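Enquirer: Dropping a prediction and its sequence here:
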Amino acid sequence: MAKEVPVNDEQLPFGTKKEASSGPEPVVMSIGAPLSQIEQKQRPVKSKSSRKSVRREFFLPVSGFVWLFPEEVAVVDHPAFQRLGRIYQLGQAHLVFRGATHKRFEHVLGTLNVVQRMIAAVETNSEKLEEFPQWAPPLSEIEERFVRLGALLHDIGHLAAGHTIEDELQLVSKHDQDRRLDIVLNGEWRNQNGQNLAELINEKYREFVPEELATKGIVASDIVRMLIRKVPRENDAYEKTQGILEKSTSVRLAICHDMIGNTICADLLDYIHRDWYHVGKPRPFDDRLLQYMEIRRGNEYDVSGPQPSDKFVISLGKRPKIRTDAVSHILDLLEWRYSLSETVLFHRTKLAAAAMLDRALFELWGGIDNEDEIVSFFLPLSDEEMVTECRKRAQTVRDDSKTAKEKKEAAAAASRVLEGLERRQLFASLSTRFAGDLPGDVVVGLKEKYADDPKRPKAAARNRNAVLRGLEQDFKLPRGSLAMYCPAGMNRKIAEVQIAVGNEIEQFSRYEQKHDNQLTGGHLDAQLRRFDRLWRVHFFIERTAREQLGERLYLLQQAIDKLALGNLVDDEDGVSVARSIAKLIVQTEGSPWKGYSVSDTALSAKSQSATAPEQYPFGAPGIRAFLYK
């Protein structure tokens, strides 16, 4: 899979090793970097076994050849890393875009390739700035090694259907939080030498840990963890380590983190091109923006040497010589990210699959509070295995005679939905409301109820399931025949990239706000509003259930709009709307409620399932609360 490639010796057989020469190390070009970035001087490395002359290469779409140091090859070969080769980069998108079957393994190697190009560009630009007060030193060899390692490991915690399980359902903590990193770095995966991933990193990178950190008990796996983790708002088990790294001059945490995975970073620059390539609509990689990447001194111009406050920026020059091509390139990246969301991530069929998965996994796992149990089940599985193994688990629970009735019903619904996913029998669209279709206060309420409530992380998933169960009971649909998708927000982080205009360093969007849109003439603001308008809430329905609804389909859509979404106008209220729908549903041909009487007041909404609530999350009563024989 990998090969060691000596410079200027392309005839060496694949996989053949070349002994390190005792003579001077040859000049090496970073793969994919412009010729102007060929290194003109050789900096000493600490270990002769880790020279660029014994590097190995992988060949990837988009990236071409990606070279790795021997230590990085050892990390890639570790079982904890190899599992990334079984996890889709774009989740269920391959059900629509058949070429989008690339894995996270490919993406992280591509991210390594991009970050090396960024390292080379920053070093070249450092030489141009050397006489200016805002100059800050380029990355040291130590920083380069850990930035490269961080690029390789920035997605190491991902699992199959990660965004559904982590973001939508919030059944488990996120892939870049410490709880997951503890499992992956220190877990049961062992290489042939019996080492877990953290032990391997500590051994291979021991010599690259600077003395100022080593004397404080910091090891290599601590450094890479700080580079790739999401810092918790409270109860940080690694607060001391974080504080030490934030003050370090040997590894400038902020710079390294921003280069790996923040705004315009190696992560973005790889996936934005790789995802479009595999979707079938490749975008060209323009090196020009790399040439404007710099490391700048913060506000402390009177100090020397590396400083923790040094910043990674995109330099836009100074007035009147603004680098307008760089501004346009940032806007292009923002447009490509928008288009990726509009075309791929929010494709209706793809969202139908995501909503089905959301519904099935909630029915199967929503009542389990043991995060470790859920993670241990999902972490070893590929995306395909995940669907199959969850279906098998659902069937086992359903068929177990000792299982309580409610759990049996939930498991049966999950099994049915997962079978549909396996066979690509996807739900049909039932109702869609975009942000522009709804009043602003309604959108805010919907996001809080169904997408993300920071104070109650799991409440949104419970509310979505409650709405679906309520609608199924009100219209006597089989459990698991409805699904819902409601995102929390749009990814607009590109607009937060740090730019330098003259001596001023500021986030791109904030700079535009402060300076009356001087750089983009309002283009950035308009593009960010487009991102906001991408938000929507979807309801989907099993196709056979949709066909059986007949004339009740319109009433179901009205119930979704008024009762589930709370989109009430003028003098409407949930009680009157529910009663009005009840009066119509008892008169509709083919309705299972035909012949029932309608009460003027809401009665107790008795249902066949304990999980079907008497009220919708916005307070409207169930339609069945007005029906009686």
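Expert: Received it, and whenever you're ready, just let me know what you need. Numbering: from 1, shown residues only.
Enquirer: Okay, and R391 sits in which element?
Expert: Using DSSP states H and E, R391 sits within helix 383-399.
Enquirer: for that helix, packing partners?
Expert: helix 348-365, helix 371-378, helix 405-422 (3 or more Cβ pairs under 8 Å, 6 or more residues apart in numbering; DSSP states H and E). Backbone N, C-alpha and C define where each C-beta goes, glycine included.
Enquirer: out of the ones you listed, nearest to N503?
Expert: For N503, the closest of the helices and strands packed on helix 383-399 is helix 348-365, at 45.3 Å, according to Cβ to Cβ.
Enquirer: How far away from the center of its chain is that closest one?
Expert: Mean-position distance between helix 348-365 and its chain equals 17 Å (Cα atoms, centre = their mean, to the nearest Å).
Enquirer: list the contacts for D182?
Expert: Under the criterion of Cβ atoms under 8 Å, 6 or more residues apart in numbering, D182 has no contact partners.
Enquirer: what's the most buried one of the helices and strands packed on helix 383-399?
Expert: helix 348-365 (a mean of 24; mean count of other Cβ atoms under 10 Å).
Enquirer: Check which helices and strands it is in contact with.
Expert: Helices and strands touching helix 348-365, by 3+ Cβ pairs under 8 Å, 6+ apart, are helix 383-399, helix 405-422, strand 428-434, helix 459-474, strand 482-485, strand 536-541.
Enquirer: what sits up against the helix holding R391?
Expert: When contacts are defined by Cβ under 8 Å, 6+ apart, helix 383-399 is touched by residues 86-88, 91, 160-161, 357, 360-361, 363-364, 377-378, 381, 403, 407-408, 411-412, 414-415, 418-419, 421-422.
Enquirer: Likewise for stretch 186-203?
Expert: Where contact means Cβ under 8 Å, 6+ apart, the residues beyond stretch 186-203 that reach it are 74-75, 77-81, 83, 149, 156, 184-185, 219-221, 224.
Enquirer: Inside helices: which ones of the residues you listed?
Expert: If you go by DSSP state H, these have 74-75, 79-81, 149, 184-185, 220-221, 224 in helices.
Enquirer: So which elements touch whichever strand or helix holds Q548?
Expert: Q548 is part of helix 543-549, with elements assigned from DSSP H and E. On a contact count with 3+ Cβ pairs under 8 Å, 6+ apart, helix 543-549 meets strand 428-434.
Enquirer: Each with direction, which strands does the strand it packs on pair with?
Expert: strand 536-541 (antiparallel) (DSSP bridges).
Enquirer: Quick check: chain neighbours aside, which residue is closest to G595?
Expert: Spatial nearest neighbour of G595, excluding adjacent residues (Cβ to Cβ, 6 or more residues apart in numbering): V586 at 6.9 Å.
Enquirer: same deal with E168?
Expert: Nearest non-adjacent residue to E168 (Cβ to Cβ, 6+ apart): D358, at 5.2 Å.
Enquirer: List the residues that contact that neighbour.
Expert: Applying Cβ under 8 Å, 6+ apart, one finds that D358 lies in contact with 164, 168-169, 461, 464, 483-485.
Enquirer: Same list, the residues you listed, but as JSON lines with pLDDT, neighbour count and distance to Y338 please.
Expert: Formatted as JSON lines, the contacts of D358 follow (pLDDT from 0 to 100; neighbours: other Cβ atoms under 10 Å; distance: Cβ to Cβ, whole Å):
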{"residue": "T164", "pLDDT": "91", "neighbour count": "23", "distance to Y338": "22"}
{"residue": "E168", "pLDDT": "89", "neighbour count": "26", "distance to Y338": "21"}
{"residue": "L169", "pLDDT": "90", "neighbour count": "25", "distance to Y338": "26"}
{"residue": "A461", "pLDDT": "93", "neighbour count": "21", "distance to Y338": "27"}
{"residue": "R464", "pLDDT": "95", "neighbour count": "26", "distance to Y338": "26"}
{"residue": "A483", "pLDDT": "98", "neighbour count": "27", "distance to Y338": "26"}
{"residue": "M484", "pLDDT": "97", "neighbour count": "23", "distance to Y338": "24"}
{"residue": "Y485", "pLDDT": "96", "neighbour count": "26", "distance to Y338": "19"}
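Enquirer: So which of those is the closest to S341?
Expert: Y485 (13.4 Å).
Enquirer: Okay, and the beta partners of the closest one?
Expert: Going by DSSP bridges, Y485 forms beta bridges with H538.
Enquirer: in terms of contact, does it touch V537 like I think?
Expert: Yes. Judged on Cβ atoms under 8 Å, Y485 makes contact with V537 at a distance of 7.1 Å.
Enquirer: A helix includes W67, no?
Expert: No. Going by DSSP: H, G, I helix; E, B strand; the rest coil, the assignment for W67 is strand, not a helix.
Enquirer: Could you find the closest non-adjacent residue to it?
Expert: R55 (4.6 Å).
Enquirer: Burial check on the nearest residue to A121 once chain neighbours are set aside, number of neighbours?
Expert: Leaving aside its chain neighbours, A121 sits nearest to L290 (4.2 Å; criterion: Cβ to Cβ, 6+ apart). Neighbours of L290 under the rule other Cβ atoms under 10 Å: 23.
Enquirer: which ones are touching L290?
Expert: Under the criterion of Cβ under 8 Å, 6+ apart, the neighbours of L290 are 117-118, 121.
Enquirer: and of the residues you listed, the nearest to L565?
Expert: Looking across these and measuring by Cβ to Cβ, the closest to L565 is M118, at 44.2 Å.
Enquirer: any idea which element that closest one lies in?
Expert: Secondary structure from DSSP H and E places M118 in helix 104-129.
Enquirer: Off-centre distance for that helix?
Expert: Worked out by Cα atoms, centre = their mean, helix 104-129 lies 21 Å from the chain centre.
Enquirer: re earlier: the residue nearest to W67 contacts E71, doesn't it?
Expert: No. R55 lies out of contact with E71 (Cβ under 8 Å); the separation is 10.6 Å.
Enquirer: Name the residues of stretch 377-395 that are buried.
Expert: Using 16 or more other Cβ atoms under 10 Å as the test for burial, stretch 377-395 gives 377-383, 386-387, 389-391, 393-395.
Enquirer: repeat for stretch 454-473
Expert: The neighbour-count check on stretch 454-473 (16+ other Cβ under 10 Å) flags 459-473 as buried.
Enquirer: ok, now stretch 277-292?
Expert: Those would be 277-279, 283, 285, 289-292, for stretch 277-292 by 16+ other Cβ under 10 Å.
Enquirer: tell me the average confidence for that stretch?
Expert: Throughout stretch 277-292, pLDDT has a mean value of 93.
Enquirer: Check the separation of the first and last residues in it.
Expert: End-to-end distance of stretch 277-292 (Cα to Cα, to the nearest Å): 25 Å.
Enquirer: for stretch 433-449, same thing?
Expert: Using Cα to Cα, the end-to-end distance of stretch 433-449 comes to 15 Å.
Enquirer: buried sites along it?
Expert: Quick answer for stretch 433-449 (16+ other Cβ under 10 Å): 433, 435, 438, 442-443, 445-449.
Enquirer: need the strands for the stretch 1-150 of the chain, in chain order.
Expert: For the stretch 1-150 of the chain, the strands defined by DSSP state E, counting those that start in this stretch occupy 3-4, 56-60, 64-68.
Enquirer: orientation of the last one relative to helix 104-129 in degrees?
Expert: Just to be clear, that refers to strand 64-68. Angle of strand 64-68 versus helix 104-129, following axes from the mean of the first three to the mean of the last three Cα atoms, to 10 degrees, is 80 degrees.
Enquirer: how far out from the middle of the chain is strand 64-68?
Expert: On Cα atoms, centre = their mean, the centre of strand 64-68 falls 24 Å from that of its chain.
Enquirer: need the helices for the stretch 501-629 of the chain, in chain order.
Expert: Here the stretch 501-629 of the chain has its helices, by DSSP state H, counting those that start in this stretch, at 508-514, 523-533, 543-549, 552-559, 574-585.
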